[in-house]
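Engineer: need coordinates for the following:
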Amino acid sequence: MRHDAASLARMLSDRADALARELLPHGKRDGVEWRCGSLAGEKGQSLAVRISGERRGVWADFSSGERGDALDLVAACLFRGDRRPAMDWSRRWLGLSNDGASAQERISRPPAPDKSDAGVSGEIDQEAQKRRAQARALWFHAEPCIAGTPVEDYLKGRGLDLRELGRAPGALRFASACWNGERREALPAMVAAIAGPNGKHVATHRTWLERRSDGHWQKATLDRPKMVLGGFAGGCIRLWRGASGLALGVAPEGESAIVCEGIETGLALALACPERRVLAAVSVSNMARLVLPPSITDVTLAGDNDGDNQAARRALEAACRAFAEQGRTVRLAIPEMTGADWNDVLRGQNDETGTRPARA
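Structural biologist: Here you go, the predicted structure:
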């Protein structure tokens, strides 16, 4: 017999610990959960997979708002959310044959209880609404002009002098007192607006800052100096509008856009290619989910060089496929040096030659 989605999800949940380690090898155990930064497997805490107890196999990404059971986790990590190939993969991983029950299934045991996820979903929905409200409040109370603030000084220290662009991106602001749970105090922060596909503010990205001994500002020395408040699946930070100067929703026909992961990378690319639209997807796993208007026909994915991180590589490949299937021309640009992003390239070339990096 063929094993349906419900039975596969139950069997996967029985092995939730091994499954989480298989799909998210860069994660870390935290009590009854396996934690990492996102579905691409970056280090962090935003994605939680329950690996023991009655709710094992249930997972949620509190940054993007995505959630589901163990089979959904396989689909999200490996197959861009498609459950059909995820079911085939799960049968093979569980050692099930296509024409009969596995030895594990034939072991007599009582049927699994029919647990409803309604309570879990309700908790996540309420938390998501709370975070979105907090994200909007943080954004709207921040200083709208970053000129002369620690944000401008921090970016200059990263080789990013935004005055060369003629104006600072409107998506960036300065918050003089942004609560940080790790330090249990409010710290200065660069905050960035993450817009959903409809252009509305859905989340706020925070980069906490601290003053160095020489008086200049740097990224705060925290385990997690960058975090997102609110869900952002399919959204992005709209850093630079390019030559048209038009909002993303009314981008002119045939426009080209650069999609990257982080803010500093995006600003480096805007300085190098000011005629191109630049969008920061916040995480590599969100690149494939990014919703672009049909008028953008050419997309350059400016990835980080994450070395042998196979999860990140799969996420980039998924993004390439997603945009190609939408009929867009897709290019992939990755720095040659392992562990580098395009901001590192900009800083390296400025230090050595005083010139900008080659255009993507």
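Engineer: residue ranges for the strands of the stretch 251-360 of the chain, please.
Structural biologist: 255-260, 277-280, 296-302, 329-333 (DSSP state E, counting those that start in this stretch).
Engineer: turn the ones you listed into a markdown table, including mean pLDDT, mean neighbour count and distance to Ala20.
Structural biologist: Heads up, the C-betas are built off the backbone N, CA and C, glycines and all. Formatted as a markdown table, the entries for the strands of the stretch 251-360 of the chain read as follows, by pLDDT from 0 to 100; neighbours: other C-beta atoms under 10 Å; distance: least, C-beta to C-beta, whole Å:
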| stretch | mean pLDDT | mean neighbour count | distance to Ala20 |
| --- | --- | --- | --- |
| strand 255-260 | 96 | 25 | 28 |
| strand 277-280 | 96 | 27 | 28 |
| strand 296-302 | 96 | 21 | 27 |
| strand 329-333 | 95 | 14 | 28 |
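Engineer: with distance to Asp308 added, can I get those strands in a markdown table?
Structural biologist: A markdown table is the format used below for these (distance: least, C-beta to C-beta, whole Å):
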| stretch | distance to Asp308 |
| --- | --- |
| strand 255-260 | 21 |
| strand 277-280 | 24 |
| strand 296-302 | 19 |
| strand 329-333 | 17 |
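Engineer: of these, give the one that comes closest to Glu152.
Structural biologist: Across the strands of the stretch 251-360 of the chain, Glu152 has its closest neighbour in strand 277-280 (18.1 Å, C-beta to C-beta).
Engineer: note down every partner strand of that closest one and its orientation.
Structural biologist: Next to strand 277-280 in the sheet, as set by DSSP bridges, lie strand 237-240 (antiparallel), strand 255-260 (parallel).
Engineer: ok now it, how far from the chain's centre?
Structural biologist: Relative to its chain's centre, strand 277-280 lies at 14 Å (C-alpha atoms, centre = their mean, to the nearest Å).
Engineer: name the residues of stretch 7-19 that are buried.
Structural biologist: Of the residues in stretch 7-19, those buried under the neighbour-count criterion (16 or more other C-beta atoms under 10 Å) are Ser7, Leu8, Ala9, Arg10, Met11, Leu12, Ser13, Asp14, Arg15, Ala16, Asp17, Leu19.
Engineer: ok, stretch 30-39 next?
Structural biologist: For stretch 30-39, a neighbour-count test (16+ other C-beta under 10 Å) marks Glu33, Trp34, Arg35, Cys36, Gly37, Ser38, Leu39 as buried.
Engineer: excluding chain neighbours, what is closest to the fifth one?
Structural biologist: Computed as C-beta to C-beta, 6 or more residues apart in numbering, the closest residue to Gly37 that is not its neighbour in sequence is Gly44, at 2.6 Å.
Engineer: quick one, phi psi at the one you found?
Structural biologist: phi 150, psi -170 (degrees, to the nearest 10).
Engineer: residues contacting it?
Structural biologist: Taking C-beta atoms under 8 Å, 6 or more residues apart in numbering as the contact definition, Gly44 lies against Arg35, Cys36, Gly37, Ser38, Arg224.
Engineer: can you put the residues you listed in TSV and add distance to Pro144 and secondary structure?
Structural biologist: Compiled in TSV, those are given as follows (distance: C-beta to C-beta, whole Å; DSSP: H, G, I helix; E, B strand; the rest coil):
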residue	distance to Pro144	secondary structure
Arg35	34	strand
Cys36	34	strand
Gly37	29	coil
Ser38	29	coil
Arg224	26	coil
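Engineer: closest one to Val330 out of the residues you listed, please.
Structural biologist: For these, with Val330 as the reference and C-beta to C-beta as the criterion, the closest is Ser38, at 21.4 Å.
Engineer: pretty sure the closest one contacts Ala281?
Structural biologist: No: using C-beta atoms under 8 Å as the test, Ser38 is too far from Ala281 to be in contact (10.6 Å).
Engineer: tell me the two of the buried residues of stretch 7-19 that are most distant?
Structural biologist: Comparing all pairs in the buried residues of stretch 7-19 by C-beta to C-beta, the longest separation belongs to Ser7 and Asp17, at 19.4 Å.
Engineer: what is the nearest of the buried residues of stretch 30-39 to Asn286?
Structural biologist: Where these are concerned, and distances follow C-beta to C-beta, Asn286 has its nearest neighbour in Ser38, at 7.4 Å.
Engineer: lowest-confidence helix or strand of the chain?
Structural biologist: Per-element confidence for the chain was summarised using mean pLDDT, DSSP states H and E. The lowest value among helices and strands belongs to helix 103-106, with a mean of 32.
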